[in-house]
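Asks: Let's see this in three dimensions:
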Amino acid sequence: MEKAVHSSTTSGPAVPGEATKTGTSIIDTAASAVQSFAPVNQIHQHLCAFHFYADDMARQVEAHHFCSHVNEEMRQCLIYDGPDANARLIGLEYIVSEKLFMTLPDEEKKLWHSHEWEVKGGFLFMPGVPGAIQRQDLDKVAKTYGKVFHFWQVDLGHELPIGLPNVMMAVTRDGQLFHEMIQEAEKRFGVSVEGERDSRAYMTGPELGIHPLANGGGKGMKLELREVDIKPVESVGSVFV
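Replies: A predicted model of the protein is given here:
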């Protein structure tokens, strides 16, 4: 595999635009005092993982997931390019149990990736959480499937989210992720991928094994934009001019 141009958060993002004004900050503070932010306040988990583009494995991105449980069988995660306050929101992921995954149509299953090797290999971790504690939950994650879209191609240096959403995948075997990217993350967060791999050897993946259609069915995937003719509803008329 050729060396990747990968993304890791080592400095603040260079997003174009005028700096936030004091007046805007005051309005934000006033609003936060009376609004609940209930969906966001359900986030109680930070997972760090590594994604690669489904059509180009050489493009690899460090992805920080901030997740909430919808219920015991589904989580929903906002994905940022780092853990700091100025991190950019670059995507989202839905995580479901094997039971829910098996209810999906076959064409849909291709968009979802397995988590077994990502977890057992030590490549997914909870920054700052003692290993013994995080392994209690990651044992469950190893049995799940995830569906990820990234909207901001930070690995290409884009200052704004440009282009179509990209389907992302996760590691399924050794040799897929670039070693230097892993080393950078280990140093920054004080983790040991090899150490966690040894500690997670007892974990198992989906009960039925990894579905053959998951992980793109072993093939690359890329979203495409196509123009189509839209017939207006007679009672409404056309909204296109």
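Asks: Point out the other helices and strands that the lengthiest strand in the chain packs with.
Replies: Scanning the chain for the longest strand, with DSSP state E as the assignment, gives strand 56-71. Counting contacts by 3 or more C-beta pairs under 8 Å, 6 or more residues apart in numbering; DSSP states H and E, strand 56-71 packs against strand 45-53, strand 74-80, strand 89-96, strand 145-150, strand 166-170, helix 179-189. Using the backbone N, CA and C atoms, a C-beta is placed for each residue, glycine as well.
Asks: The shortest one pairs with which strands, parallel or anti?
Replies: I take that to be strand 166-170. Paired strands of strand 166-170, with direction, are strand 45-53 (antiparallel), strand 145-150 (antiparallel) (DSSP bridges).
Asks: Turn those strands into TSV, columns for mean neighbour count and mean pLDDT.
Replies: Shown next, in TSV, are the strands paired with strand 166-170 (neighbours: other C-beta atoms under 10 Å; pLDDT from 0 to 100):
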stretch	mean neighbour count	mean pLDDT
strand 45-53	21	97
strand 145-150	22	98
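Asks: nearest to A214, of those strands?
Replies: Proximity to A214 (C-beta to C-beta) singles out strand 145-150 among those, at 6.1 Å.
Asks: Any stretches of this protein with poor pLDDT?
Replies: 1-13, 233-241 (pLDDT under 70).
Asks: Name the next helix or strand following the lengthiest helix in it along the chain.
Replies: Longest helix in the chain, counting residues (DSSP state H): helix 22-34. Later in the chain than helix 22-34, the nearest helix or strand by DSSP states H and E is helix 38-41.
Asks: How many residues are close by E224?
Replies: 5 (other C-beta atoms under 10 Å).
Asks: tell me the contacts of the closest residue to it other than its chain neighbours?
Replies: Leaving out its chain neighbours, the residue that sits closest to E224 by C-beta to C-beta, 6 or more residues apart in numbering is L164, at 7.6 Å. When contacts are counted by C-beta atoms under 8 Å, 6 or more residues apart in numbering, L164 touches L223, E224, L225.
Asks: Swap in 10 Å and give it another go.
Replies: F149, F151, K222, L223, E224, L225 (C-beta atoms under 10 Å, 6 or more residues apart in numbering).
Asks: Columns distance to A170 on top of these, output as JSON lines?
Replies: Shown next, in JSON lines, are those (distance: C-beta to C-beta, whole Å):
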{"residue": "F149", "distance to A170": "13"}
{"residue": "F151", "distance to A170": "18"}
{"residue": "K222", "distance to A170": "17"}
{"residue": "L223", "distance to A170": "18"}
{"residue": "E224", "distance to A170": "22"}
{"residue": "L225", "distance to A170": "25"}
